[in-house]
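Colleague: Need coordinates for the following:
(one chain, ligands or ions: 1)
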Amino acid sequence: MSVEIALRHKQGAFRLAVDMHTPGGVTALFGRSGAGKTTVVNAVAGLLRPEAGRIVIDGEVLTDTQRGVFEPPHRRRVGYVFQEGRIFPHLSVRGNLLYGRWFAKRGTRGPEIDHIVDMLGLGKLLERRPTALSGGEKQRVAIGRALLSDPRLLLMDEPLAALDDTRKAQILPYLERIRDEAQLPILYVSHSVAEVARLATSVAVLHGGSLVRCGPVADVLSDPSAVRALGVREAGAILIGRVAGHDSDGLTRITVSAGEVFLPQIDATLGSMIRVRVEAQDVMIAREPPKNISALNILPVEIIALRGGAGPGIVVQLGSGDDRLLARITRRSATALDLTPGLQCYAVVKSMSVARWDVGSQGV
Ligand SMILES: Nc1ncnc2c1ncn2[C@@H]1O[C@H](COP(=O)(O)OP(=O)(O)OP(=O)(O)O)[C@@H](O)[C@H]1O
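Modeller: Numbers count the residues shown, from 1 in each chain. Purely as a prediction, here's the structure:
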């Protein structure tokens, strides 16, 4: 799988200049309002003809202005899921799903309807009309319909934005399943770092029409130089681990590359791989292994880089086995501890500071 998007386009005073290449999976397009995310999505869907550009999905050239290639939208086989699940009110859930099937390329079998129904947990809803569905259920139907059209790429433009936190949390595991099971590149527009940390395999960070950073999710989220564009308050990196045990006192033990961490009980089977977002503001740094401290998670780390701005805070990038962590601490503490790249230290993370929402499946 691969996604290649190179675009140059001007609309009013806004200029878009993007050059990105990712290995498929879920590519998050992250950026503040007006960064240019929808413009990129529209160009990929064929709703916008860029002044210059080339869009290639899995080797299929959809746009190449130099060679005069511009596939019309209906020939692109791009599935689109909008913010509010736009499904047909006069059709049942089954009818909506079959409508998607109708768009699948003739001659190909495409995904099996039973498989999609099972993957999205729609079995009990098939005969219902959309008026009898919750926002999250409607969104799952919209996703199922898009998948059944057998797209070569799925575009998801803030698909969770219209849902409350409970519904978001309910639908995320389904999106993780699509990521892990469907061999389908997904372009996922979001301005939530937490959502990107749960779902993305790659991240492209847009700012004012330019690509600030593009790379594997763990690299981008742990890069101190990307923190500004992602938002200092939301900064945080990802730990990848394996569920090693559910202890009787309600904690789950997770093996990570640098040791073990404990989190409040996670709904995941023993041995499964998970990813945990650890916010930079929840990480403390100690020069010695702390003793008699309530925090359960103490990992040996190496200081990789420090980056400060004009304010009193700095962001420290830490190497933790194969993973990277970020810590947001005061410049005063960094000076007092004499933190410099290469120094061996300890990262301290409270178990209870990791929100349930920040733990998701990692697939394999
Ligand atoms: N037809 C147009 N003519 C002039 N300017 C436009 C046009 N369409 C969009 N823009 C401008 O292009 C910029 C990028 O818009 P875009 O919708 O891609 O941003 P976005 O990152 O998707 O934002 P949001 O998160 O708010 O949806 C904005 O400054 C917008 O005002």
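Colleague: OK, contacts around Tyr174?
Modeller: Met119, Leu120, Gly121, Arg140, Ile143 (C-beta atoms under 8 Å, 6 or more residues apart in numbering). From N, CA and C alone the C-beta is placed, and that goes for glycine too.
Colleague: same deal with Arg356?
Modeller: Arg356 neighbours (C-beta under 8 Å, 6+ apart): Ala169, Pro264.
Colleague: How about Asp165?
Modeller: Trp357.
Colleague: Quick check: it vs Trp357, distance?
Modeller: Look at Asp165 and Trp357: by C-beta to C-beta, to the nearest Å, they are 7 Å apart.
Colleague: Break this protein down into its structural domains.
Modeller: With domains defined by automatic domain parsing, the chain comprises 3-230, 236-361.
Colleague: Let me have those domains in JSON lines, extended by mean pLDDT.
Modeller: Converted to JSON lines, those look like this (pLDDT from 0 to 100):
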{"stretch": "domain 3-230", "mean pLDDT": "90"}
{"stretch": "domain 236-361", "mean pLDDT": "94"}
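Colleague: deepest of the ones you listed, which one?
Modeller: domain 3-230 (a mean of 19; mean count of other C-beta atoms under 10 Å).
Colleague: Show me the strands in the stretch 151-300 of the chain, by range?
Modeller: Remark: strands assigned in the stretch 151-300 of the chain by DSSP state E, counting those that start in this stretch are 153-157, 186-190, 202-207, 210-216, 236-246, 251-256, 259-264, 273-279, 283-286, 297-308.
Colleague: can you list the ones you listed in TSV and add distance to the ligand?
Modeller: Formatted as TSV, these follow (distance: least, C-beta to the nearest ligand atom, whole Å):
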stretch	distance to the ligand
strand 153-157	8
strand 186-190	7
strand 202-207	7
strand 210-216	12
strand 236-246	21
strand 251-256	34
strand 259-264	32
strand 273-279	22
strand 283-286	29
strand 297-308	25
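Colleague: got TSV for these, with distance to Val61 too?
Modeller: Converted to TSV, those look like this (distance: least, C-beta to C-beta, whole Å):
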stretch	distance to Val61
strand 153-157	13
strand 186-190	17
strand 202-207	20
strand 210-216	20
strand 236-246	33
strand 251-256	41
strand 259-264	45
strand 273-279	33
strand 283-286	44
strand 297-308	39
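Colleague: circling back: what about the contacts of Tyr174, which are in helices?
Modeller: Met119, Arg140, Ile143 (DSSP state H).
Colleague: quick one, phi psi at whatever residue of the stretch 151-300 of the chain ends up closest to the ligand?
Modeller: Closest approach between the stretch 151-300 of the chain and the ligand, counting by C-beta to the nearest ligand atom: His191, at 6.0 Å. Main-chain dihedrals, His191, degrees, to the nearest 10: phi -120, psi 30.
Colleague: residues in contact with it?
Modeller: Phe30, Gly31, Arg32, Ser33, Lys37, Glu158.
Colleague: before we move on, what about Glu279?
Modeller: Glu234, Ala235, Gly236, Ser353, Asp358.
Colleague: Could you rerun that using 7 Å?
Modeller: Gly236 (C-beta atoms under 7 Å, 6 or more residues apart in numbering).
Colleague: State the three-state secondary structure for Ser333.
Modeller: Secondary structure, DSSP: H, G, I helix; E, B strand; the rest coil: Ser333 is helix.
Colleague: now it, nearest residue through space, not along the chain?
Modeller: Distances taken as C-beta to C-beta, 6 or more residues apart in numbering place Ile285 nearest to Ser333, at 7.6 Å, with adjacent residues excluded.
Colleague: circling back: filter the ones in helices among the contacts of Tyr174 by proximity to the ligand?
Modeller: Contacts with the ligand are made by none of the ones in helices among the contacts of Tyr174, judged by C-beta under 6 Å from any ligand atom.
Colleague: Closest to the ligand out of those residues?
Modeller: Ile143 (19.9 Å).
Colleague: so the residue nearest to the closest one when sequence neighbours are not counted bridges to which residues?
Modeller: Leaving out its chain neighbours, the residue that sits closest to Ile143 by C-beta to C-beta, 6+ apart is Val81, at 5.5 Å. Assessed by DSSP bridges, Val81 has beta-bridge partners Met156.
Colleague: Okay, Val81 and the ligand: tell me how far apart.
Modeller: 15 Å (C-beta to the nearest ligand atom, to the nearest Å).
Colleague: Tell me who's in contact with that residue.
Modeller: Ala142, Ile143, Ala146, Leu154, Met156, Pro159.
Colleague: Taking the residues you listed together, which two end up most distant?
Modeller: Ala142 and Leu154 (11.0 Å; C-beta to C-beta).
Colleague: Got phi/psi on the nearest residue to Pro23 once chain neighbours are set aside?
Modeller: The shortest distance from Pro23 to any non-neighbouring residue, by C-beta to C-beta, 6+ apart, is to Ser2 (5.7 Å). Dihedral angles of Ser2 (phi, psi; degrees, to the nearest 10) stand at phi -160, psi 150.
Colleague: how about stretch 46-57 against the ligand, any contact?
Modeller: No - residues of stretch 46-57 are not located near the ligand by C-beta under 6 Å from any ligand atom, the shortest gap being 8.9 Å.
Colleague: who's in contact with that stretch?
Modeller: 3-10, 39, 42-44, 62-65, 70-73, 76, 152-153, 185.
Colleague: got the end-to-end distance for it?
Modeller: The first and last residues of stretch 46-57 sit 13 Å apart, counting by C-alpha to C-alpha, to the nearest Å.
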